[in-house]
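Undergrad: model this:
(chains A and B)
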Protein chains: 2
Amino acid sequence: MARMQPIQFNLPQERIPRVWYNVTADLPVPMAPPLHPGTHKPIGPDDLAPLFPMALIAQEVSTEREIEIPDPVRQVYAQWRPAPLYRARRLEQSLDTPAKIYYKYEGGSPAGSHKPNTAVAQAFYNKEAGTKRLSTETGAGQWGSSLAMACAFFGLECKVYMVRVSYNQKPYRRALMEVYGASVTASPSTETEAGRAILAEHPDTNGSLGIAISEAVEVAAKDPETKYALGSVLNHVLLHQTVIGQEAIEQMALAGDEPDVVIGCAGGGSNFAGLAMPYVGRNVKGLSKARIVAVEPSACPTMTKGPYTYDFGDTGHLTPLVKMHTLGSTFIPPGIHAGGLRYHGMAPLVSHVLDLGLMEAVSVQQLDAFAAGVQFARAEGIVPAPESNHAVAQAINEALEAKREGKARTILFVLSGHGHFDMQSYIDYQAGKLENYEYPAEEIAMALAGLPTFK
Amino acid sequence: MARMQPIQFNLPQERIPRVWYNVTADLPVPMAPPLHPGTHKPIGPDDLAPLFPMALIAQEVSTEREIEIPDPVRQVYAQWRPAPLYRARRLEQSLDTPAKIYYKYEGGSPAGSHKPNTAVAQAFYNKEAGTKRLSTETGAGQWGSSLAMACAFFGLECKVYMVRVSYNQKPYRRALMEVYGASVTASPSTETEAGRAILAEHPDTNGSLGIAISEAVEVAAKDPETKYALGSVLNHVLLHQTVIGQEAIEQMALAGDEPDVVIGCAGGGSNFAGLAMPYVGRNVKGLSKARIVAVEPSACPTMTKGPYTYDFGDTGHLTPLVKMHTLGSTFIPPGIHAGGLRYHGMAPLVSHVLDLGLMEAVSVQQLDAFAAGVQFARAEGIVPAPESNHAVAQAINEALEAKREGKARTILFVLSGHGHFDMQSYIDYQAGKLENYEYPAEEIAMALAGLPTFK
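TA: Sure, this is the predicted structure:
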């Protein structure tokens, strides 16, 4: 025993958090309200009622610090939560760094990512409210498969619009959703007005998350028995993910360490916020001084290159306007393999916290992300999802910087999911077929030029 | 808290077993010795020395009850061990059964199955002995990817002969091995005499585990820096898996339960033996009276239809003769999706325990196995590997029998791995493309007729 080093810092079932943590209660400035797409006036709960059950709408606008997690949700969480916190000792060794690297691993959920943390909560509240069917979109498929699973658990039907390029490239992710009993359609589809409109203009389009959102929202808005579920971006979704950070804080204490830097990849922002927001709250309260770093792909540099302004959440402009870092809701990012990071915007909450100077954002190129993923897999065994590779790359950057400085540094990152459904991207990477992308300045300028203006 | 039901029964890192359990010490009759393929005389350690390091040969023939697990091996185990024991409450509910169903989940290892339990041990002992490279075969790919990972951890090269049908059908499993840095070749290949001989006779063959073993053994036998590693069948391999059952016994005690029946799927026999042998030992000592049930596919019914006799482990007849249940070493089973269960023989240790009447064997048809897997996934979230579906199917059979009898029954099975690399099989199943297989009586009779005879 004496000769073994601890590498897992785990908590028993009873330490699953009892509440979700709402960082807005601890922020010095409130968030800008979402606006009605037609009137440009702040929307109220009734505007969202066709899409979401009231319990989730209440969470979306809540300023309460803590929101109790219902027992049936905690009961399902208990299958994979508290999720493990690992010390990456073999990776540290291979980097020959004085830094300590910890990672919170969310790939142990049955669907393989952090997404079930909110999928289960959303399915529960919808079931309680009498919803019969949930519609949603998915890109890489992590979200769609998680919602499909949660719907199976709670006896809901599940309808998934899957971005066409992923639908074609990832038949196995689609199969996973179908094993769970979901119905999966390639987006844009001919089933919706939004889909038909896009197809008329761009019959060969690869699709995008923004388009798929339009389709899923449309079917929910038109059918009273169907509600809509979103896998990221919204406040209540990020809220549900805060179990990650709350557990991590307790686990880092078990490890006897305090992170100097806290890292997550960010597409819509949910796994990042899940780890980061509880640390932002600690920082605000003066309990810690961790740097908080979001990592985005250079091909879709929402936070590092996009303005902080009002934009639509979807391409079809059916959603409310939200204030966020955006590349323009009509921007369709390059087809990088980190499908979950190909969203034109960033969660309003993450954008707000960035705007307040309470966190940083950096971008990582695709090839660097995969190089980091392969290095991580050979040291730690877990093959990360392409999205998570961005967090791995930044963690390695920080460890190597510590080495150059000859100083200790305690690094904590969230490994949001495994890459077992993403092996084609590793095949392409190892075959030299992947490339980096420069900032697509002209396309983004065009998309931004189309943003709504306000007096 | 009071309102939550415990569903995980987990142990802390320090409860990782300190020894592997060798059931032969507790059996009333010793195992029949392996015989030299030429002389038909019992082989000695020296005969195996070209293939394995001495530490593993010593374990292969050991009659010690307990063999200490080296600290570096336990240190790697600590990443995913003790593995979780779950109570399948949602599955119980969906079956409306009075039975309790527990499962020991081995799919949480970084490679997704139980195979790293022995891969890590084998890589460690080989590294200690100065081996530079390990050669092996893989069918479905669970073993190959596990050994590739273990070799990455210990700085060994890894050469994998992958059964051709899997090589073609499972590019992602191959990619996983390559991410870990292994070199993967479709078998039969032109790299070996064994491969060239088979190709000359059957140029379009799908390959088989038996053929791939011949190739991997041949390259190890010819190169002093290369040793051979086997993922199942042999005593030392089954020994390493006994961490599964030792942990399960402790975890069932945590759950306050004792299994009435202990179930595992069996191809070569290693995950089954890993869970079962510690329970066999308890039964022999009178500490428990659990029924021990191995589940095999109807398409490859080694234990339920094959005789218990001496046969070769491989198709090319390079290995020693071992006494086992076999369908004949030249038998090539139908191309069922549970690739890990397509082996012509059964581990000599499992065959011996079966012969002693200390366990039972049953067979399950392919369609029943997949139906069980889908039912399990929708209730428990985890999508099992096609191999594991056979154990799931038998667990459900037992639960439904308990329901018919209106009696309680405590069921424990090992879920050996997840099916994230096997989604094509689920696609084929849901598309109605899979079929059951009848016992291929004529082919087996032919293969058995070719067995060696002894005076």
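Undergrad: What average pLDDT does stretch A:409-419 get?
TA: For stretch A:409-419, mean pLDDT rounds to 98.
Undergrad: Sorry, slip of the keys, the one I care about is stretch A:167-183.
TA: 95.
Undergrad: who touches the closest residue to chain B within the stretch 1-150 of chain A in this structure?
TA: With CB to the nearest CB as the measure, A:P110 is the residue of the stretch 1-150 of chain A nearest to chain B, at 3.0 Å. Quick note: C-beta positions are derived from backbone N, CA and C, even for glycine. Taking CB atoms under 8 Å, 6 or more residues apart in numbering or on different chains as the criterion, A:P110 is in contact with A:Q79, A:W80, A:P116, A:M149, B:E380, B:G381, B:I382, B:V383.
Undergrad: repeat for A:S62
TA: A:S62 neighbours (CB under 8 Å, 6+ apart): A:N22, A:T24, A:N235, A:L239.
Undergrad: With adjacent residues omitted, what lies nearest to the residue most central in space within chain A?
TA: Centroid-nearest residue in chain A: A:S270, 3.4 Å away (criterion: CA atoms, centre = their mean). The spatially closest residue to A:S270, leaving aside those adjacent along the chain, is A:S232, at 4.1 Å (CB to CB, 6 or more residues apart in numbering or on different chains).
Undergrad: what's the helix or strand for the one you found?
TA: Assigned by DSSP states H and E, A:S232 belongs to neither a helix nor a strand.
Undergrad: what do you get for the one 5 residues further on?
TA: In this assignment (DSSP H and E), A:V237 forms part of helix A:235-240.
Undergrad: Also A:D428?
TA: Here A:D428 is assigned to helix A:423-430, by DSSP H and E.
Undergrad: Make a markdown table from the contacts of A:S62 and add pLDDT, distance to A:E178 and neighbour count to it.
TA: Shown next, in a markdown table, are the contacts of A:S62 (pLDDT from 0 to 100; distance: CB to CB, whole Å; neighbours: other CB atoms under 10 Å in any protein chain shown):
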| residue | pLDDT | distance to A:E178 | neighbour count |
| --- | --- | --- | --- |
| A:N22 | 98 | 35 | 23 |
| A:T24 | 98 | 38 | 20 |
| A:N235 | 97 | 31 | 22 |
| A:L239 | 98 | 29 | 28 |
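Undergrad: what about the helices in the stretch 101-250 of chain A?
TA: Ranges of helices in the stretch 101-250 of chain A, per DSSP state H, counting those that start in this stretch, are A:116-128, A:142-154, A:164-169, A:171-179, A:193-201, A:209-222, A:235-240, A:243-254.
Undergrad: Does the last one reach chain B?
TA: No: using CB under 8 Å from any CB of the partner chain, no contact is recorded between helix A:243-254 and chain B, whose separation bottoms out at 11.0 Å.
Undergrad: now that helix against helix A:116-128, angle please.
TA: 140 degrees (axes from the mean of the first three to the mean of the last three CA atoms, to 10 degrees).
Undergrad: Would you mind writing the CA trace of whatever helix or strand comes next after helix A:243-254 as PDB?
TA: Sequence-wise, the next helix or strand downstream of helix A:243-254 (DSSP H and E) is strand A:261-265. Extracted in PDB, the C-alpha atoms of strand A:261-265 (Å, rounded to 0.1, in the frame of the first residue of the first chain):
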ATOM      1  CA  VAL A 261      -5.500  26.700 -13.400                       C
ATOM      2  CA  VAL A 262      -8.900  25.200 -14.300                       C
ATOM      3  CA  ILE A 263      -9.400  24.200 -17.900                       C
ATOM      4  CA  GLY A 264     -12.300  23.000 -20.100                       C
ATOM      5  CA  CYS A 265     -13.000  22.900 -23.800                       C
END
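Undergrad: ok, strand A:261-265: who's next to it in the sheet?
TA: Each strand that pairs with strand A:261-265, with its direction, by DSSP bridges: strand A:291-297 (parallel), strand A:410-415 (parallel).
Undergrad: Please convert these to JSON lines, extending it with mean neighbour count and distance to B:F154.
TA: Formatted as JSON lines, the strands paired with strand A:261-265 follow (neighbours: other CB atoms under 10 Å in any protein chain shown; distance: least, CB to CB, whole Å):
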{"stretch": "strand A:291-297", "mean neighbour count": "25", "distance to B:F154": "31"}
{"stretch": "strand A:410-415", "mean neighbour count": "28", "distance to B:F154": "23"}
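Undergrad: Any buried residues in the helix or strand where A:A391 lies, and which?
TA: Under the criterion of DSSP H and E, A:A391 resides in helix A:386-405. Neighbour counts using 16 or more other CB atoms under 10 Å in any protein chain shown place A:386-399, A:402 of helix A:386-405 among the buried residues.
Undergrad: quick check, nearest of these to B:S351?
TA: The shortest approach to B:S351 among the buried residues of helix A:386-405 belongs to A:S388, at 43.7 Å (CB to CB).
Undergrad: Spit out the contact partners of that closest one.
TA: A:G107, A:C265, A:G373, A:V414, A:L415, A:S416, A:G417, A:G419.
Undergrad: What pLDDT is listed against it?
TA: So, for A:S388, pLDDT stands at 98.
Undergrad: Likewise for A:A2?
TA: pLDDT, A:A2: 49.
Undergrad: How about A:F454?
TA: pLDDT, read off for A:F454, is 65.
Undergrad: got it, and A:I69?
TA: pLDDT, read off for A:I69, is 98.
Undergrad: residues near the one residue in the stretch 151-300 of chain A that gets nearest to chain B, how many?
TA: Closest to chain B within the stretch 151-300 of chain A is A:Y172: 3.6 Å, counting by CB to the nearest CB. Using other CB atoms under 10 Å in any protein chain shown, A:Y172 has 22 other residues around it.
Undergrad: Which residue is the nearest non-sequential neighbour of it?
TA: Here the residue nearest A:Y172, using CB to CB, 6+ apart, is B:M423, at 3.6 Å.
Undergrad: try A:V165
TA: Nearest non-adjacent residue to A:V165 (CB to CB, 6+ apart): A:N206, at 3.9 Å.
Undergrad: Am I right that the one you found is in contact with A:R164?
TA: Yes: using CB atoms under 8 Å, A:N206 is in contact with A:R164, at 5.6 Å.
Undergrad: who's more crowded, those two?
TA: Each of A:N206 and A:R164 has its neighbours counted (other CB under 10 Å); A:R164 has more, 21 against 17.
Undergrad: doesn't A:P203 make contact with that one?
TA: No: if you go by CB under 8 Å, A:R164 and A:P203 don't touch, sitting 11.1 Å apart.
Undergrad: after the helix holding A:D428 comes which helix or strand?
TA: Next element after helix A:423-430 (DSSP H and E): helix A:441-449.
Undergrad: ok, back up a step: pick the most deeply packed of the helices of the stretch 101-250 of chain A.
TA: Most buried of the helices of the stretch 101-250 of chain A by mean neighbour count (mean count of other CB atoms under 10 Å in any protein chain shown) is helix A:142-154; its value is a mean of 29.
Undergrad: Show me what residue of the stretch 301-450 of chain A gets nearest to chain B.
TA: Counting by CB to the nearest CB, the stretch 301-450 of chain A gets nearest chain B through A:G381, at 3.0 Å.
Undergrad: Now that residue: closest residue in space that isn't a chain neighbour?
TA: B:P110 (3.0 Å).
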